[in-house]
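Asks: Any chance you could fold what I've pasted below:
(one chain, ligands or ions: 1)
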Amino acid sequence: MPKTFGQIEQPEDAEVAKIVLVGAANAGKSTLINRLVGDDVTIVSARPQTTRTRIMASLTMGRRQLLFLDTPGIVSRKALRRVERGVVTSPWRTLSEADCAVLLLDAYKLTQKTDEVEKYLFAELPKVTSIPALLVVNKIDQVEDQPKLLETVRKYQAMYKAIVGEPMYISALGNVGVDELRLQLLASTRPGNWEFPANVKSDLSDLTRVEDLIRAEWFARLTGYMPYVVRQRNVGWKYVAAPQVKRPMLDIKQELLVSSGGEAKILLGAKGALLKEIALAANRTISKALGCRVRLHLQVVVVEDRRTRK
Ligand SMILES: Nc1nc2c(ncn2[C@@H]2O[C@H](COP(=O)(O)OP(=O)(O)OP(=O)(O)O)[C@@H](O)[C@H]2O)c(=O)[nH]1
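Replies: Numbering: from 1, shown residues only. As a prediction, this is how the structure comes out:
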């Protein structure tokens, strides 16, 4: 018989595990969470540091629930030192909440000897935590020199004593090894109460998810500093009932705020074509993510930039 805990219906023998992903910026944390959960819950981009919110995604299989605590990537040693001093949101704080860590390494960086941040991260990690961890090596699709990779991974394995089992080699993007990793993670659950109903995949409010998905589209199409200067303002959110259609359609109006006509031009593209493309693509992903029909309106608005105001 299922029992109700608070608002949540769960089986008598419910189990739960909180998982934290630790890795340098761009290691593929967001991509991996999306693969594991099977939904676009976090923003994925080729540029580092796009994870703005700490996102908790959840995945329920049978009686087990996994809760993923996503952490912002660590870009440099300097950033890591700031983290230690508690100046920026600390991934370490998230670590203390977790039952199990996934230590995510970028296979390509390991073979190219550009893994400085990782080395530093692994040297610091044992000082702040000893939670059990899986060592997961991502982006194996990018590696040719496999012996070199295995040798480097062995060194990492020795650095954090609480690593459970053998390292796992995956490609989050290519969906290789992800099913095996999911099974491993499910094996780390302990008796406990679920935090989300079985069918909920993320605790982000729908609005935050929508804004993330819109942002992902312009990040995918613009380069350089430009994506970072755009801010979002939600100006409309209503469900519109349409005759002959069973489920209402969600009508969303968002403004993209920039501080100059030049920036507006870049975002609009020739005759507004780029903005149209962004809106169309975002409309599709939002509709899929929320499971309802969506009509998205995007508008570029030039606002005075307080930083440059005299
Ligand atoms: N070739 C390859 N690329 C991958 C793989 N996994 C992720 N990527 C790419 O690596 C880039 C970074 O991925 P993200 O998932 O945004 O990385 P992240 O660790 O969440 O990054 P931050 O938000 O900066 O912390 C994206 O361009 C992904 O498509 C993989 O298995 N193979």
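Asks: Count the residues that sit near S130.
Replies: By the measure other Cβ atoms under 10 Å, the count of residues near S130 is 12. All C-beta spots, glycine's among them, are computed from the backbone N, C-alpha and C.
Asks: Over to V137?
Replies: 24.
Asks: Just to be sure, it is in a strand?
Replies: Yes - the assignment for V137 (DSSP: H, G, I helix; E, B strand; the rest coil) places it in a strand.
Asks: Thought V102 was touching it, still the case?
Replies: No - using Cβ atoms under 8 Å, V137 is not in contact with V102, being 10.9 Å away.
Asks: L149: what's it in contact with?
Replies: For L149, the contact set (Cβ atoms under 8 Å, 6 or more residues apart in numbering) comprises A107, L110, T111, V137, I140, V143.
Asks: wait, which of these is closest to the ligand?
Replies: I140 (7.0 Å; Cβ to the nearest ligand atom).
Asks: Ramachandran coordinates for that closest one?
Replies: Dihedral angles of I140 (phi, psi; degrees, to the nearest 10) stand at phi -70, psi -20.
Asks: Look up how far P227 lies from it.
Replies: Using Cβ to Cβ, to the nearest Å, we find I140 at a distance of 29 Å from P227.
Asks: how about the helices in this protein?
Replies: Secondary structure of the chain (DSSP state H): helices at 29-37, 77-84, 91-97, 107-112, 116-128, 146-159, 178-186, 206-221, 226-229, 261-268, 273-290.
Asks: Name the nearest residue to P227, sequence neighbours excluded.
Replies: Of all residues not flanking P227 in the chain, F219 sits nearest, at 4.9 Å (Cβ to Cβ, 6 or more residues apart in numbering).
Asks: Can you read off the pLDDT for that neighbour?
Replies: Per-residue confidence at F219 stands at 88 (pLDDT).
Asks: For it, the count of nearby residues, please.
Replies: By the criterion of other Cβ under 10 Å, F219 has 20 neighbours.
Asks: now do E166
Replies: E166, neighbours per other Cβ under 10 Å, totals 10.
Asks: Phi and psi next, for it.
Replies: Torsion angles, degrees, to the nearest 10, at E166: phi -80, psi 150.
Asks: what's the spacing between it and G192?
Replies: Distance, E166 to G192, by Cβ to Cβ: 27 Å.
Asks: Repeat that for L275.
Replies: L275 is 46 Å from G192, where distance means Cβ to Cβ.
Asks: pretty sure the residue nearest to P227 is in contact with V230, am I right?
Replies: No - checked against Cβ under 8 Å, the pair F219 and V230 is beyond contact range at 9.4 Å.
Asks: so where is the stretch 151-300 of the chain shaky, pLDDT-wise?
Replies: Scanning the stretch 151-300 of the chain for pLDDT under 70 picks out the ranges 200-205, 242-247.
Asks: The spatially closest residue to G177 that is not a sequence neighbour and the ligand: what is the separation?
Replies: Among residues not flanking G177 along the chain, I170 sits closest, at 3.4 Å (Cβ to Cβ, 6+ apart). Applying Cβ to the nearest ligand atom, to the nearest Å, the value for I170 to the ligand is 7 Å.
Asks: OK, contacts around I170?
Replies: L32, V136, V137, N138, I140, V176, G177, V178, E180, L181.
Asks: What parts of the stretch 101-250 of the chain come near the ligand?
Replies: N138, K139, D141, Q142, S171, A172, L173, G174 (Cβ under 6 Å from any ligand atom).
Asks: And those, which of them are buried?
Replies: For these, a burial check counting by 16 or more other Cβ atoms under 10 Å picks out N138, K139, S171, A172, L173.
Asks: check contacts around the third one.
Replies: The one in question is S171. Here S171 is in contact with N138, K139, I140, D141, G177 (criterion: Cβ under 8 Å, 6+ apart).
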